[in-house]
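> Generate a structure from the sequence data that follows.
(one chain, ligands or ions: 2)
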Amino acid sequence: MKLYLLEAVMLGFIQVVTTSVSSTKFTKIQPSVCGPVRLSNGWVDRSRSSCASNCKARYPQECNSFLYNKSTKACIPANGLGSNQPLPSLGEGDLYHYQYPDFSKFPIGSNTVNLAYFTKPLIYTDAESACRCLDAHLYSPDSWDKIWFIGNVAIPRYYMWIGLNDMAVEGKFVWAKNVQEIEAVYKIAIFKPGQPDNGYNGNQDCVFLTPDSYEFDDGDCFEQKAYICEKPTLNNSSA
Ligand SMILES: [Ca+2]
Ligand SMILES: [Ca+2]
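Ligands and ions are numbered 1, 2, ... in the order given. Here you go, the predicted structure:
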């Protein structure tokens with residue numbers, strides 16, 4: 001069951017994008033943090049599905065979302081969500097996102113975690129920004145339940161960023177989701193022996209999960225790694 005869930009989650013993100021596009025692959029979303037990265041001022045199109053097809057036809061690589069106003073029939077192509085991008089205005093209509101990531105709930109202890117996996121590697125700050133655009137943060141295993149769950153979170157061969165870093169103050173590791181310092185007892189439990197070591201000229205400020213031992217290490221924030229986003233869940237007040 002566990003493996004099935006992981007495979008289902010992963011398959012959603014490694015699906016090959018083709019230009020033969022159906023509007024059903026676009027999901028209507030209501031972003032609250034990041035707006036769409038608009039590719040042009042757009043055009044008038046007869047329908048939402050035609051807008052989707054033309055977006056992909058004109059911007060085969062970049063079109064990952066579009067705005068469509070069903071009253072004015074305005075169609076605006078966009079490249080997914082980006083930080084510092086304005087939210088859609090009323091005149092721009094509704095936002096549709098191509099293969100919008102599904103978050104899957106995993107039961108842990110008396111709570112659940114709501115996770116999405118991304119295997120396209122990014123540097124740490126870009127990974128955290130990408131999570132924030134989904135109203136999420138990099139995964140923060142900040143309870144014993146979550147720490148014991150780490151073995152289920154790891155994906156073979158993938159080193160993955162999690163939401164823990166000491167970028168602001170060397171040696172003070174804080175969670176991405178609330179900037180609270182990790183408790184000493186958790187720090188001892190999750191890091192590999194000898195880690196965090198701030199190694200390689202003292203440039204290791206971002207924490208990643210190693211796929212072999214399910215332990216954590218501090219690494220160079222500018223390395224590109226896969227990452228895990230976590231959305232708050234209603235029954236987990238700490239998330
Ligand atoms: Ca450091
Ligand atoms: Ca290290």
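> Quick check: mean pLDDT of the lengthiest strand in the chain?
Taking residue count as the measure and DSSP state E as the definition, the longest strand of the chain comes out as strand 111-122. Strand 111-122 comes out with an average pLDDT of 90.
> try stretch 72-80
96.
> about what we covered before: return the set of buried residues in the longest strand of the chain.
When burial is assessed from 16 or more other CB atoms under 10 Å, strand 111-122 yields the following buried residues: N111, T112, V113, N114, L115, A116, Y117, F118, P121, L122. C-betas here are computed from N, CA, C, even on glycine.
> for stretch 33-44, same thing?
C34, G35, P36, V37, R38, L39, G42.
> quick one: which of those residues is nearest to D102?
Proximity of the buried residues of stretch 33-44 to D102 was ranked by CB to CB; the top entry is C34 with 17.9 Å.
> can you pull the contacts of that closest one?
L81, G82, S83, N84, Q85, R132, C133 (CB atoms under 8 Å, 6 or more residues apart in numbering).
> Quick check: what element follows the longest strand of the chain along the chain?
Helices and strands here follow DSSP states H and E; after strand 111-122, the next one along the chain is helix 124-133.
> got a list of contacts for that next one?
The contact list for helix 124-133 (CB under 8 Å, 6+ apart) reads 31, 33-34, 81-83, 118, 122, 137-138, 161, 163, 165, 176, 206, 221-223, 225, 227, 229-230.
> quick one: which of those residues sit in strands?
Under the assignment DSSP E, those contribute 81-82, 118, 122, 137-138, 161, 163, 165, 206, 225, 227, 229-230 to strands.
> what's in contact with stretch 205-220?
Applying CB under 8 Å, 6+ apart, the set of residues contacting stretch 205-220 is 124, 150-151, 153-162, 164-167, 170, 173, 190-192, 195-200, 203-204, 221, 225, 228.
> could you pick out which of those are near ligand 1?
Counting by CB under 5 Å from the ion, D166, N198 from those sit close to ligand 1.
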